[in-house]
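> Just need the structure, nothing else, for what follows:
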Amino acid sequence: MKLLWCFAVLASVPVWAQVSPTINELPSREFGQAQLLNPPTSGAPNLIEGRELNTPLGVAFAPSGGPMYVADTSNHRVLAWRTPASLTKGNQADLVIGQRDFVSNPPQGPGRDLTSGLTLPAGVAVDAAGNLYVLDGGNNRIVRYPNPFSQTTSPLSIDLVIGQKTQSSGNIANENNPKPTNHSLSFAPNGTFLRAGIALDQLGNLWVADSGNNRVLRFPASQLAAGTIEPAADRVLGQNGSFVTNDAPVCGNTCQTNLAVLLQPQNLAFDGTGALYVADGFARVLYYPNAAVQTAASQVLGISPTPALGQSVSFPNDYSLGNSILNASLAVFANGNSIFVADAPANRIVRYTTPASFVRSDTIPSPKIESVIGQPDLFSGKANHALTEPAATSLSAALGGAFDSLGNLWVSDTGNNRVLSYPASGTSSFTAATVVVGQTNFPFNAPNLIEGREVWFLANGSAGGGIVVDKTSNPTHLYIADTFNNRILGFRDARAVGVDARSILTQKPDLVIGQPAGDFFRSMANYPNGDPDLPTGTGLYRPIGLAVDESGNLFVADSGNGRVLRFPAPFSVAAGNLQAADLVLGQSGFTQKDQSASPQTLGTPYGLALYPDGQLAVSDPVLNRVMVFKKPFVNGEAAFTVVGQQSFASSSASSSLAGLNSPRHIATDTSGRLYVADSSNNRVVVFRDTSNIAQTGPAASFNFPNFGSPQGITVSTISGEMWVTSGNAIYHLPEVNAFNNTSKILQQIASNGPLAIALDSSENPIVAEAINRVTFYFAKLIVRNAFSFTSSRPMTPGMWAQAAPLGKTFSASDEVHETPPYPLTAAGLQMLVNGVTSGIYSVEQNAYINFVIPWEAPTSGVAEFLLFNPTTKEIVAAGSVLMTLADPAFRTTNFQGWGQVMAINLKTDGTTNGLNGPQNPVARGEMLQLALTGQGPVANPPADGFPPSALTPTNPLDLHVFIDGIDIGSANVVSSDLDPTYPGSWTVNIRIPDNPGPQPGSRSILVTMRDVPSNWGYDPNNGFADTQLTLPNGRITTISVK
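Below you'll find the model as predicted:
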């Protein structure tokens, strides 16, 4: 039975609370990772999605040409390809092991999210049954995954743990005991990761290079049954037969030729005869023809002949492994009786024939190398042949290898972040690879995937990342300094950058600076020469800070080259043309590199800021200063002001008001003040008159301490409010004078190591994070029940809702649709709920929007609500709302959510008898029709924005109606249906009990739907906070009874 009044009265609503503009606490878009996850599950450099590798250390094959497994060490996972014979270039892996999915890479294991996961896996081995053993280095254990491709659940389960008691019992070396045992392992003592290895012999025994304990252990097959607790080794090499010692050998200059000792053994393998080979920390490989009984090796590989008197050994050569006698990273593997050693320091793989016949002598302790892979000869050792890019014929610090059942050679080319496959060769001549895994082609070697959808802001503890929005352009452009990929990414329309939580990132930038035109696959330093020490006018080396002048010219702090470059309006350069700088500051020319302290040179420029009059400020953290350059700029000009130092030649750190200590990003305001994130002084300092008066070492006017190593700062040109990134937070602060007077923080937003920050044209923050992504925040959207006006209680599909940006208006024409169906776009805007468009009733007063939550919305968890412009792809506002199965609320006659409810008295024949109220009460025993919203999901709902085409009941068994606190009983609930006229509305017909029934007058009424009560509203005297509607506070919902 339809309602008789028009819903247009929704325009009469309680005034929204007046507060300062507020930003939603969660980002709604990101760029740099495959998808937006909150909380994030990856901090990887560049993109991870299952086609990429980062420091691969091991490769192994299942028997009979089965799956290939690769230890993707720095991504804390193992990737698997079911059919390696079909691989070509950059193929997607079929399975991920040690992580929940392909886009995650946090360290896993005991005490973390996934106890069956991995941290720094360093080796893999597959037994005859297809079970996968993984050396889980960071967790000081070995885990076994039963035949991974046969498992049907995710994440994969493990059935055996070696080195720890259980998969969740701990991850400390030697099970946190001071000495080892026959069942403990040490791969990461005191948190220091050591390379180690595993191998299975012909009898199925597992041998382990237990690097932190300076030994090799054998775990017999009898100890490897599924579920065995603390499997025990029965053989030890390197510790004189003792399982409870781990002493490093003390043998002076004879250690390398001492065949009875081991120093941090890092890899091992068996040849076709069953002989064991062990690579250890003395830059050698030891040969044990019968390791089951031997205590000392029989031969040693990798030692150069004793040089003639007065001569020295040159590395590499035709005998040596590594480039000294210590700490060479090596790996050993076999093909039948041929032995191959991955000689990482020499960027090669060398082959030996069976060493059994070799006769040692004091002057020639090792056999000669037979052949080499990855170098033109045995005396060359440059990474990638000293070329700017890798090739199918070159290697960089290769640290693993294996042969498949067809005789193809697969190499973990660790330094190039890839695995190469060389076709089988009867002569063991492996010249050029034909397959590459982990990169999309042979010339590429960045960690993980690089093709234009990724960024790299943090490397080995060094932070970068810069952002600027060109607000002089239409549409506004966005530039991102992709620091460790040596490039700037440019986006033509800043409003449409990034991906939301429901999509996979496919967007690429519109231009790139620092690499070949339109080439998003390369990350070469100082293109085109690729040499970090040789700057060019087209290349970059670790760019960070960015600024745009009034003509759209882009300034870049080219940190690694000690200079600032200016690129003429990049989006005015014709497509396909190389972006070239037309100005250099901090160096005398485009090819010079002098990073000493002087007026003309810069050390490591970091942050940039342009003053209102066009002068340029540059922070120089290594020299603890900010330099100011005056227009008109000329190449190599001297700065006219230095901040933080008392002279242009000094560089000492200071915490005084005139000093700085590693200043990072900087900003200016419309009054010409200079703001500095003074990182190592844990403060923000503000200077005045630094652009128009030549100075050395001016004192700061404002000093704001108590930040934690602040990195980024920007200042609104509209409000003067400050935004600072510090620690794991973004701080929104008042204008500088107001903040100085009050120390009030307007808003604090959690972030993941925020490094740089900028504001878009709508004052929304864009943040470069240390987890290698850019996040986009938007105005906070408050969503409330359109009948009760509650804003913090969970909401439900199919109900009326009202939303508004908190403290902020938006530009849109008023538009009201009183007659259904309600459009999915109104006034050029859409309301998206988890990406689904809502039917919109009205957009009003540039302030709020009335709509019906789509039926596809979830009924639990959190839903994202976005006010969205589909034409510009701009997010106007964003909010996160808890969802549930019901959120019942009455429509009231005062439109405030309490008092007399809207209801129709019904005659016994079903016809109407007017609106219920004090002047027209309902009699006991008569019918009353109630108007509500928030009934929750129903079977076969109508399309979003449409009323039902037929009677659509809600579930009356979940509905209870209370008058004066008494349940009227299901017999008196006559019907409960979606309103047939108005989407979002819900009608309930009840019979007023008459035995005894409620007393005459205004009586309280409430409903519960699926145990959710309706007696909630808002408190206008407490910031419009949600409050329970009760008799004591005078706000209850009522009906009138005769």
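> Helices of the chain, start to end?
For the chain, the helices defined by DSSP state H occupy 736-742.
> tell me the domain ranges of it?
20-32+778-882, 56-437, 458-776, 889-1041 (automatic domain parsing).
> I48 is nearest to which of those?
Judged by C-beta to C-beta, the one of the domains of the chain that comes nearest to I48 is domain 56-437, at 5.7 Å. C-beta coordinates here come from the backbone N, C-alpha and C atoms, glycine included.
> can I get the domains of the chain in TSV with mean pLDDT?
Converted to TSV, these look like this (pLDDT from 0 to 100):
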stretch	mean pLDDT
domain 20-32+778-882	96
domain 56-437	96
domain 458-776	98
domain 889-1041	93
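> Tell me which of those lies nearest to E49.
Closest to E49 of the domains of the chain is domain 56-437 (C-beta to C-beta; 5.3 Å).
> ok now that closest one, how far from the chain's centre?
Centre-to-centre, domain 56-437 and its host chain are 30 Å apart (C-alpha atoms, centre = their mean, to the nearest Å).
> and that domain, how far apart are its ends?
The straight-line separation of the ends of domain 56-437 (C-alpha to C-alpha, to the nearest Å) is 10 Å.
> Equivalent analysis for stretch 376-391, please.
Using C-alpha to C-alpha, the two ends of stretch 376-391 sit 13 Å apart.
> hmm, who's touching that stretch?
Residues outside stretch 376-391 that contact it (C-beta atoms under 8 Å, 6 or more residues apart in numbering) are 314-318, 323, 345-348, 350, 369, 372, 375, 393-397, 413, 415-416, 418, 442-445, 522, 524, 528-531.
> Would you mind checking those residues for buried ones?
Neighbour-count burial (16 or more other C-beta atoms under 10 Å) applied to these gives 315-317, 323, 345-348, 350, 369, 372, 375, 393-397, 413, 415-416, 418, 442-445, 522, 524, 529-530.
> Looking at the residues you listed, which are in strands?
348, 350, 372, 413, 418 (DSSP state E).
> Rebuild those residues as JSON lines, extending it with distance to N989.
Output for those, formatted as JSON lines (distance: C-beta to C-beta, whole Å):
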{"residue": "R348", "distance to N989": "85"}
{"residue": "V350", "distance to N989": "88"}
{"residue": "V372", "distance to N989": "89"}
{"residue": "D413", "distance to N989": "74"}
{"residue": "R418", "distance to N989": "70"}
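> Reformat the domains of the chain into a markdown table and put distance to A44 next to each item.
Converted to a markdown table, the domains of the chain look like this (distance: least, C-beta to C-beta, whole Å):
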| stretch | distance to A44 |
| --- | --- |
| domain 20-32+778-882 | 10 |
| domain 56-437 | 5 |
| domain 458-776 | 6 |
| domain 889-1041 | 38 |
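> what's the closest of these to T41?
domain 56-437 (3.8 Å).
> which residues sit in contact with D210?
So D210 contacts 180, 185-187, 196, 216-217, 265 (C-beta under 8 Å, 6+ apart).
> swap that for T933, sorry
T933 is in contact with 785-787, 799-800, 887-889, 891, 984-986, counting by C-beta under 8 Å, 6+ apart.
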